[in-house]
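**Student:** From the sequence below, what's the structure:
(2 chains)
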Amino acid sequence: MTHQMHAYHMVNPSPWPLTGALSALLMTSGLIMWFHFNSLMLLILGLATNTLTMYQWWRDIIREGTFQGHHTPIVQKGLRYGMILFIISEVFFFAGFFWAFYHSSLAPTPELGGCWPPTGIYPLNPMEVPLLNTSVLLASGVSITWAHHSLLEGNRKQMLQALSITIMLGIYFTLLQMSEYFETSFTISDSVYGSTFFMATGFHGLHVIIGSTFLTICFFRQLKFHFTSNHHFGFEAAAWYWHFVDVVWLFLYVSIYWWGS
Amino acid sequence: MAEDIKTKIKNYKTAPFNSRFPNQNQTRNCWQNYLHFHRCEKAMTAKGGDVSACEWYHCVYKSLCPISWVSKWDDRRRAEGMFPRKI
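**Tutor:** The predicted structure is shown next:
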C-alpha cells in the first residue's frame, strides 16, 4: 500500500468546481433574464445550484480537514494565505465603490447644484441610527475576540456565549440597516448620491449577512466539537472576515454618512 | 475700484486666469460666474443698485460656458423649482 511522502493535501477529484462554475453562468444569465425579460426561473436555478455547491464543497473541506486529518500545518498555512488574499480582493472590490463616491462628491457637478449632498437630497443623520450601527459592529469585534480567547483557553461554554453574542449583534446591525433603508427620503435612482449610497452600503450589508452566516456555521461546528484549542482555522477565517466587514463599515460611516452629509 | 471695473469691462477680451480654478477642468469657473452674475443682478435690481457692476461676471461666463449649458440653465431658472441653486 503506497503512502504520500509529503505533508500536502492532494485533493480527490470533486464535481463542485464544475457545478460552481455552472451556477455562476446560471446566475449571470439569470440576472439578464430578470432585468430584461421579466423571468426569474434561470436566476432561481442559479441561486439554488450556487447554494448547493457552497454547502457541499465546504462540507467536503470540513470532512477532509476535521475528520480525515488532511489539514497539516503546511496545508493550514496555504488556507491562511488563501483567506488573506481573498479578503484583499474584497478590499479592492470596495475600493471601487469608495472611488466612485469620492469622484462624485469631491467635485459635485452643476446638475447637482455644485454642492454635496446634492440639492434636494436630505441625508440620514449620522448621529442617530448610523452611530448606533457603528457601536454595534465595534462591540461585535470585541465579543468575537472574547470568543477566540475562550476557544484558545479551552473554555467551551464561554466561546459559545461570546460567539452567539457576536452573531446576534450582526443580526441586530442587519435589522437596523434594513429599517434605515425604509427611512431614507431618497432611493437608489436619486442622482449619483443615491447610486453611491446604496451600492456601497448595500454591498456592505450583503457582506455582513455573509459574515454572520459564516459565524453561525462556526457556532454549530463548535457545538459539534470540531474545533480544538490550537486548531480552529475555520473560526479564525470567519473572525478575519468579520473584522474586515467592521473596518469597511467604519470607512463607510466616516466617508458617506458623516463627511458626506 | 468701480472705475477699474469699467475699464476692465471696456477692454475685455476673454476670461483671465483665475487662481481659484487653476486646472484644466473649468466647469466650476463657468458655473461660479454664472451663479455670481444672476445673484448679483437679482440683488442689485431688488436694492435699486447699479446692475452694470455685475457685467464682469456676465462677460466671464459668456466666454467660458458652452452655449448649450447656458441656454439649459436659463430655461431651468425660469421654470419654478427646476434650478438646483438659490439665485
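
**Student:** Around chain B, pick out the residues from chain A.
**Tutor:** Counting by CB under 8 Å from any CB of the partner chain, chain A comes close to chain B at A:107, A:109-115, A:118-120. Quick note: C-beta positions are derived from backbone N, CA and C, even for glycine.

**Student:** make it 6 Å
**Tutor:** A:110, A:113-114, A:119 (CB under 6 Å from any CB of the partner chain).

**Student:** Return the subset of those lying in helices.
**Tutor:** If you go by DSSP state H, the residues of chain A next to chain B have nothing in helices.

**Student:** Of all pairs in the residues you listed, which one spans the longest distance?
**Tutor:** Using CB to CB, the two most remote members of the residues of chain A next to chain B are A:Pro110 and A:Thr119, lying 10.5 Å apart.

**Student:** Of the residues of chain A next to chain B, which belong to strands?
**Tutor:** If you go by DSSP state E, the residues of chain A next to chain B have nothing in strands.

**Student:** May I have the secondary structure class of the residue nearest to A:Trp258 when sequence neighbours are not counted?
**Tutor:** Spatial nearest neighbour of A:Trp258, chain neighbours left out: A:Pro126 (4.6 Å); criterion: CB to CB, 6 or more residues apart in numbering or on different chains. What DSSP: H, G, I helix; E, B strand; the rest coil gives for A:Pro126 is coil.

**Student:** Please give the element, helix or strand, for B:Cys30.
**Tutor:** For B:Cys30, the host element (DSSP states H and E) is helix B:27-47.

**Student:** ok, residues contacting that helix?
**Tutor:** Residues from elsewhere that reach helix B:27-47 (CB atoms under 6 Å, 6 or more residues apart in numbering or on different chains): A:110, A:114, B:18, B:21, B:51, B:54, B:57-58, B:60-61, B:64-65, B:87.

**Student:** hmm, back to that, between A:Pro110 and A:Thr119, tell me which one has more neighbours.
**Tutor:** A:Pro110 (20 against 16; other CB atoms under 10 Å in any protein chain shown).

**Student:** Which residue is the nearest non-sequential neighbour of the more buried one?
**Tutor:** B:Trp31 (4.6 Å).

**Student:** same deal with A:Trp146?
**Tutor:** Counting by CB to CB, 6+ apart, the residue nearest A:Trp146 is A:Ala162, at 4.1 Å.

**Student:** so that neighbour is in which element?
**Tutor:** helix A:156-183.

**Student:** Next, the buried residues of the next helix or strand after that helix.
**Tutor:** On the C-terminal side of helix A:156-183, the closest following helix or strand by DSSP H and E is helix A:191-223. Neighbour counts using 16 or more other CB atoms under 10 Å in any protein chain shown place A:191-198, A:200-201, A:203-205, A:207-208, A:211-212, A:214-219, A:221-222 of helix A:191-223 among the buried residues.

**Student:** got the CA positions of the helix or strand hosting A:Trp146 in CSV?
**Tutor:** Following DSSP H and E, one finds A:Trp146 within helix A:129-152. The C-alpha coordinates for helix A:129-152 follow below in CSV (Å, rounded to 0.1, in the frame of the first residue of the first chain):
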residue,chain,number,x,y,z
VAL,A,129,-29.0,55.0,13.8
PRO,A,130,-25.8,55.0,11.8
LEU,A,131,-23.9,55.8,15.0
LEU,A,132,-25.7,53.0,16.8
ASN,A,133,-24.7,50.7,13.9
THR,A,134,-21.1,51.7,14.4
SER,A,135,-21.2,50.8,18.1
VAL,A,136,-22.9,47.5,17.4
LEU,A,137,-20.2,46.4,15.0
LEU,A,138,-17.4,47.6,17.2
ALA,A,139,-18.9,45.7,20.1
SER,A,140,-19.2,42.6,17.9
GLY,A,141,-15.5,43.0,17.2
VAL,A,142,-14.9,42.8,21.0
SER,A,143,-17.2,39.8,21.5
ILE,A,144,-15.6,37.8,18.7
THR,A,145,-12.1,38.5,20.3
TRP,A,146,-13.5,37.2,23.5
ALA,A,147,-14.8,34.1,21.7
HIS,A,148,-11.4,33.5,20.2
HIS,A,149,-9.6,33.8,23.6
SER,A,150,-12.2,31.4,25.2
LEU,A,151,-11.5,28.9,22.4
LEU,A,152,-7.7,29.2,22.9
